[in-house]
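A.B. asks: Build me a structure from this.
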Amino acid sequence: MLLLAFAFTVMGDPVSSVAYAVEAALRALHGDLGLLLPTMAIVVAVIALVIGNYHRLVGRFPGGGDAAAAGTAFGDGWAFLPLGSLIVDYALTIAISVAAAASAIVAYRPELHTVRIPLALLLLVAVAGLTWFGHHGRTVFALMTISFVVIGSVVILTGLLDPSGSGGAPLTPPGFHRSPPLAVLLAFPVAMALATGVEAPSSAVAQLGQLDTRSQVQFGRITLWLTLAVVAWLTLGLTGVAVRLRVGIPAADSTQIADLARAAVGGGTLFAGFQLSSAVLLLAAASSSFQAGPGLLKALSTAPGGVGILPDPLGHSNRHHTPYWGVCAFLLVAAVIVVAARASEQELVLFYAVAVFLAFLFGLLSMHRFARAERQWRFRALTLVGLAAVIVTLAVNLGRLYPIASLAAATAIAATLQRLWVRAGRPSGAADAEALAERGATGPGPV
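C.D. replies: Predicted coordinates:
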């Protein structure tokens, strides 16, 4: 029960990303459904490469994550680049999740399209408000993920075996002449938002203080591969249904995944349940980042038990153990992002994968350095293939220019943290900030 609660809670972020990642790939393909399945297959393959590397990372740094790996491989000062990336990733996760949840509601009630931004901001404030009261049961978060997996599986099987209708979109839209390999190469990095959160088990196992190190590593590794299995099934299954039923780019008051579910199961109770479960799971993903982000700021603060870099107020917690100034900071930043993107998750998805892939880059570079020093040639080859995939993803996304803002924000935060660290006398523990944040979490239930 502990393993299931842990696994299905930690995988909530990548599972919820299915709600917008497939549509993001289709938009990058300019609606070419014929290329959608190979594009998403590459996305899943890259996630498998990343998870293969993190299988080793969690064994070497259980609870430490990318920051511990980078700090050990290159020195404590380098740990701030993955930490800066994580801070940006948490803010973007909150913003894109509430925007996608608003889109799920609008897809069910299209008349709310005109109030999309206020609706997303209302959801944002509601999630922040619930976060204020701390954790209230890891099992609840796990059930949200499981419910989406179950209902999504029903939609997939119904859509493949006995669909209610069809989207009617052409397999290849007229006027789209880009060569298929180039089109797929340019499209799959956009959908790599699906990879956000797949590294979470490597640090989240620090919450499992009642287990010994070996058991923590086992929990982390099982969760990594279970996450791959669930994400691959949902992603490729929903993609297959979209192609079979010809569900193309949606109208402004809907989403592709909503159109897909409607075509598969009709517009009745099951469709309503699918929209509800996806919206709730997306809000749970936002809540998870509302807990992790402020927790990381607290770990870096000068409060007792912190690293001693950021101001002491960021470590202040209420009686529910919530670092409330950190919650306020992420609430403000996420609200600005939501308004700037007009509460459109498809606008935000272009910025999303950059920050987390910067963290992946340093995690894989660190593991490659260890593999080279220890002459583990097969693992070294795996890290090189993973690094190549990560670098291509970053390069293609940054080539769209706008995502450079995510890179700039992550590096600016990292540089600021590093400067504060030097000014504070280079205190120890910076590389362990992820683990400190997880151990400081008031993990709900038995966790």
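A.B. asks: just the CA coordinates of stretch 204-224, formatted as CSV?
C.D. replies: The C-alpha trace of stretch 204-224 is given here as CSV (Å, rounded to 0.1, in the frame of the first residue of the first chain):
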residue,chain,number,x,y,z
ALA,A,204,10.9,12.0,-3.4
VAL,A,205,12.2,8.8,-1.8
ALA,A,206,13.8,11.1,0.8
GLN,A,207,10.3,11.3,2.3
LEU,A,208,10.3,7.6,3.1
GLY,A,209,12.2,8.0,6.3
GLN,A,210,10.7,4.9,7.8
LEU,A,211,12.6,2.8,5.2
ASP,A,212,16.3,1.9,5.0
THR,A,213,18.4,3.2,2.1
ARG,A,214,18.1,-0.1,0.1
SER,A,215,14.3,0.0,0.3
GLN,A,216,14.2,3.7,-0.7
VAL,A,217,16.2,2.8,-3.8
GLN,A,218,13.8,-0.1,-4.6
PHE,A,219,10.8,2.2,-4.2
GLY,A,220,12.4,4.8,-6.4
ARG,A,221,13.3,2.4,-9.1
ILE,A,222,10.0,0.6,-9.2
THR,A,223,8.2,4.0,-9.4
LEU,A,224,10.4,5.1,-12.3
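A.B. asks: How far off centre is that stretch?
C.D. replies: 20 Å (C-alpha atoms, centre = their mean, to the nearest Å).
A.B. asks: got a list of what Leu281 touches?
C.D. replies: Shown in contact with Leu281 (C-beta atoms under 8 Å, 6 or more residues apart in numbering): 12, 15-16, 19, 144-145, 147-148. (C-beta placed from N, C-alpha, C; glycine too.)
A.B. asks: quick one: which of these is nearest Pro110?
C.D. replies: Closest approach to Pro110 among the contacts of Leu281 (C-beta to C-beta): Ala19, at 17.2 Å.
A.B. asks: Could you tell me how many residues sit around the closest one?
C.D. replies: If you count neighbours by other C-beta atoms under 10 Å, Ala19 ends up with 29.
A.B. asks: Reformat the contacts of Leu281 as TSV; add secondary structure, distance to His316 and pLDDT.
C.D. replies: Putting the contacts of Leu281 into TSV (DSSP: H, G, I helix; E, B strand; the rest coil; distance: C-beta to C-beta, whole Å; pLDDT from 0 to 100) gives the following:
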residue	secondary structure	distance to His316	pLDDT
Gly12	helix	27	87
Val15	helix	33	94
Ser16	helix	30	94
Ala19	helix	34	94
Met144	helix	29	87
Thr145	helix	31	90
Ser147	helix	35	94
Phe148	helix	35	95
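A.B. asks: Quick check: the two most widely separated of those?
C.D. replies: Ala19 and Ser147 (13.6 Å).
A.B. asks: which element is Ile105 on?
C.D. replies: Assessed by DSSP states H and E, Ile105 sits inside helix 80-108.
A.B. asks: which is the next helix or strand following that helix?
C.D. replies: Sequence-wise, the next helix or strand downstream of helix 80-108 (DSSP H and E) is helix 116-131.
A.B. asks: And the spatially most central residue of the chain, how far from Ile151?
C.D. replies: In the chain, the residue lying closest to the centroid (C-alpha atoms, centre = their mean) is Thr196, at 2.9 Å. As judged by C-beta to C-beta, to the nearest Å, Thr196 and Ile151 stand 22 Å apart.
A.B. asks: low-confidence ranges in the chain?
C.D. replies: 134-139, 176-177, 440-447 (pLDDT under 70).
A.B. asks: give me the number of residues near Arg369?
C.D. replies: 17.
A.B. asks: What distance do you get for it to Gly77?
C.D. replies: Applying C-beta to C-beta, the value for Arg369 to Gly77 is 16 Å.
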